[in-house]
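A.B. asks: have a look; sequence and predicted model below, questions after that.
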Amino acid sequence: MSYLAQMTFRLSAGATRFSESFCQRHAAYLIALQNPDGGFSGREGASDLYYTGFALRALALLGRLDEVAGQAAEFLSRHCGRPLPAVDFVSLILSAVLLEAAAGIDVHARAGCDRNKTLEEHLQRFRRPDGGYAKTERSGASSTYHTFLAAACLELCGNKIPEPHRLAALIRSRQRPDGGFVELDALAHSGTNPTAAAVGLLKLMGFLDESTQSQSARFLLAMQNREGGLLANTRIPTADLLSTFAGLTALADLGALSAVDAAAARRYVASLEAAEGGFRGAAWDDRPDPEYTFYGLGSLALLETDSSPLASLDPQALSKKQE
């Protein structure tokens, strides 16, 4: 089973413990965001592949993907075969695979495209001499995060990952003395998100050794602050939902999720839930969007896979207990 498929099953297992009212609230919020063209927007503007991907993944966790799948597939199929930025292309691939697995809809076949051939050709535009993949076609250096995304998509679709040993060596060279990883070679300070990407990449290629596991887990556990969430890095004073989800995912990969203060993490995530549905990105954020809603749902689902039994989970109730 691919790395992304394993992650999906892990999240789905935790999401089964959400309360019905919780699921209804967030599903209603997300479904209302679907535009007439079948896509989803961020906080403003037209439908966007990036936010559409997060909305679909969030609705899949809530068991409501079928309500938007048909229209979403039409939106996605219109973008197949087009030149796209790396992050949009990855969102398209992930969304298409999700719709095929969950709803039996082959987005690329509708558009007359060969998904696997398109995937390899497109990613080649972003490959760099060091063996990694860059954020944009104009980027000179490969990105830890985008290298993880490229490899995860290739594995998910059954394509071969080029030169895996070389790729693993590149990623290992980006580990710093504190146990974390950096996004680019030139950076000195580790971050939660590149560490999560590095852990995921090494795991999916079968190169996650014990030393890397223990050092990375120690770094990530130190990123949980008094708020209960995880920091992006040591120079940023407040936690955020992206870093919290990424860090929890990596800790689950490392077998260290039980070492997190789960109660504090739940309270933190719950504090970012909007009454009308959806999640905000951090304490400083003023409104929800599909991306952070997925991170909120995903964080809670992960925490439920490694926690004591609960009859149901409604984070709004947890949030009220924070004081």
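C.D. replies: All right, it came through fine.
A.B. asks: count of neighbours near the nearest residue to residue 168 once chain neighbours are set aside?
C.D. replies: Counting by Cβ to Cβ, 6 or more residues apart in numbering, residue 168 lies nearest to residue 207, which is 4.1 Å off, once chain neighbours are set aside. Glycine gets a C-beta too; all of them are placed from N, C-alpha and C. The number of residues packed near residue 207 is 16, by other Cβ atoms under 10 Å.
A.B. asks: ok now do residue 207, which residues does it touch?
C.D. replies: The contact partners of residue 207, by Cβ atoms under 8 Å, 6 or more residues apart in numbering, come to 164, 165, 168, 172.
A.B. asks: can I get those in TSV with distance to residue 9 and neighbour count?
C.D. replies: Shown next, in TSV, are those (distance: Cβ to Cβ, whole Å; neighbours: other Cβ atoms under 10 Å):
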residue	distance to residue 9	neighbour count
164	23	16
165	28	10
168	25	20
172	28	15
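A.B. asks: helices - which of these land there?
C.D. replies: With DSSP state H as the criterion, helices contain 164, 165, 168, 172 from among the contacts of residue 207.
A.B. asks: on that earlier part again, so which strand or helix has the residue nearest to residue 168?
C.D. replies: Assigned by DSSP states H and E, residue 207 belongs to no helix or strand.
A.B. asks: would you list the phi and psi of it?
C.D. replies: Phi and psi for residue 207, reported as degrees, to the nearest 10, are phi -120, psi 20.
A.B. asks: quick one: it from residue 141, how far?
C.D. replies: 21 Å (Cβ to Cβ, to the nearest Å).
A.B. asks: mean confidence score for stretch 150-166?
C.D. replies: Averaged over stretch 150-166, pLDDT sits at 95.
A.B. asks: next, the distance between the ends of it.
C.D. replies: Distance across stretch 150-166, first residue to last, is 15 Å (Cα to Cα, to the nearest Å).
A.B. asks: same check, this time on stretch 179-193
C.D. replies: Taking Cα to Cα, stretch 179-193 runs 13 Å from one end to the other.
A.B. asks: what's the distance between it and the middle of its chain?
C.D. replies: In terms of Cα atoms, centre = their mean, to the nearest Å, the centre of stretch 179-193 is found 18 Å from the chain centre.
A.B. asks: what's the answer for stretch 196-209, then?
C.D. replies: Computed by Cα atoms, centre = their mean, the chain-centroid distance of stretch 196-209 equals 15 Å.
A.B. asks: just stretch 211-222 next, same as before
C.D. replies: The answer for stretch 211-222 is 20 Å, by Cα atoms, centre = their mean.
A.B. asks: again with stretch 264-274
C.D. replies: When C-alpha coordinates are averaged (Cα atoms, centre = their mean), stretch 264-274 and its chain have centres 18 Å apart.
A.B. asks: ok but residue 122 is inside a strand, no?
C.D. replies: No - counting by DSSP: H, G, I helix; E, B strand; the rest coil, residue 122 is not found in a strand; it is helix.
A.B. asks: next, count neighbours for the closest residue to it other than its chain neighbours.
C.D. replies: Excluding the flanking residues, the one nearest residue 122 by Cβ to Cβ, 6+ apart is residue 89, at 5.5 Å. By other Cβ under 10 Å, 23 other residues sit near residue 89.
A.B. asks: pretty sure residue 51 sits against residue 42.
C.D. replies: Yes - using Cβ atoms under 8 Å, residue 51 makes contact with residue 42 at a distance of 4.6 Å.
A.B. asks: now for the two: what residues contact both?
C.D. replies: By Cβ under 8 Å, 6+ apart, residue 51 and residue 42 have these common neighbours: 289, 290, 291.
A.B. asks: out of those residues, which sit inside helices?
C.D. replies: Among those, the ones falling in helices (DSSP H) are 290, 291.
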